[in-house]
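Student: All I have is the shape, not the residue letters:
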């Protein structure tokens, strides 16, 4: 039977018992928090029974290394605590934790090729890292982020803990756990055709409200996800959530396409195309309902390989959009064979349309060239009326931006599908 999740007060009380005994005997207490990264994906793809089997194996492996008097408890959906009440050598504790991490990394292979488990372990030691249960647990949590960043277990100093609210380690730790627990939500920004005002689908945008930090801007957490390695799990979480939402809308009688931003890390992976196909099959979504937005710079990092992957997905029916177009390093030679369906003009050009003649010439040139190669052109970041008017006159195809509609929760999207004509009436192309 999978162990129950223990309430936090129970864990704190148990840890406090150990601390009382340690103070009297002048010995250390080790606190390990083991995060079973990837379990949510196993539950999603293989069912909760598969995830439960992995949790049982994690518990068994923890028990196999426990000494007499050590305590093990499950403290979250994907988290275990391991308390060692008699620690005399912090180095030995870290070495043992590292061996445990490596042992847990082999679990996924035992449960099938799709069960990739990425464990993370945070370590704190009494009294060096804290003298009360709350501080020790928090220190171990913070250490998880450092573990993932540096690739090995490291202790956390008191100064770093005191700076935790402003510390990037804290953000990384909280972000990694938020992704694995499914706490990153998607909001959807509608797109509209400038030709007739019709609804043209949505772009899925990640939003994070942290219990500890409140709302965290994507401009803050996306770079942290990229730097910490969490971007791959974040991307796939967004892909699955977006496709699940498309399927749910379909069950309500509302048909919509969705665009999802793809990180360069995912594009590099050899199994990228296969995983996209698998996600579409899992949620029974038509490939044409999915648009993958990939930045120009990501595509041009390895154009030969990227072009092959994107051609394969286009043949399968997935739409490909080149995001932030105009800011990368593509040449006309590559442009000629670009395996894409649409180009998204970078918002920096759109924002300055009414102020910069040069940027206006660039945007017009992109639109004209794109149409010659049968690309649809999407302008994002439209935040003022004048920009929308200029883009209409330039024969841009699709419009997106705060001036037309802000990102919103999924339940509000179906009601917008018939409002495009009214919303865009001042900007529709003249016959």
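Tutor: That came through fine. Bear in mind the structure is a predicted one, so any value in this text is a computation, not a measurement. Numbering: from 1, shown residues only.

Student: show me where the stretch 151-300 of the chain has strands.
Tutor: 185-193, 199-210, 214-216, 258-261, 290-295 (DSSP state E, counting those that start in this stretch).

Student: Figure out which of the ones you listed is closest to residue 81.
Tutor: With distances scored as C-beta to C-beta, the stretch of those nearest to residue 81 is strand 199-210 (21.3 Å). (Glycine included, C-beta is placed from N, CA and C.)

Student: which parts of the one helix or strand residue 121 maps to are buried?
Tutor: Per DSSP states H and E: residue 121 is located in strand 118-126. Of all the residues in strand 118-126, those buried under the rule 16 or more other C-beta atoms under 10 Å are 118, 119, 120, 121, 122, 123, 124, 125, 126.

Student: name the helices or strands packed onto that strand?
Tutor: Applying 3 or more C-beta pairs under 8 Å, 6 or more residues apart in numbering; DSSP states H and E, one finds that strand 118-126 contacts strand 28-37, helix 90-105, helix 133-150.

Student: Tell me the one among the buried residues of strand 118-126 nearest to residue 11.
Tutor: Checking those against residue 11 with C-beta to C-beta, the nearest one is residue 124 at 13.4 Å.

Student: For residue 236, see how far away residue 312 is.
Tutor: With distances taken as C-beta to C-beta, to the nearest Å, residue 312 is found 18 Å from residue 236.

Student: Between these two, point out the one with more neighbours.
Tutor: Remark: of residue 312 and residue 236, residue 236 carries more neighbours, 21 against 16, as counted by other C-beta atoms under 10 Å.

Student: Wait, that one touches residue 275, no?
Tutor: Yes. Residue 236 is within contact range of residue 275, at 7.2 Å (criterion: C-beta atoms under 8 Å).

Student: roughly how far apart are residue 259 and residue 182?
Tutor: To residue 182, residue 259 is 21 Å away according to C-beta to C-beta.

Student: okay, those two: which has more neighbours?
Tutor: residue 259 (26 against 15).

Student: Measure how buried the nearest residue to that one once chain neighbours are set aside is and give me the count.
Tutor: Nearest residue to residue 259, sequence neighbours excluded (C-beta to C-beta, 6 or more residues apart in numbering): residue 291, at 3.9 Å. Counted with other C-beta under 10 Å, residues neighbouring residue 291 total 24.

Student: can you pull the contacts of residue 291?
Tutor: 201, 257, 258, 259, 260, 318, 319, 320, 321, 341, 342 (C-beta atoms under 8 Å, 6 or more residues apart in numbering).
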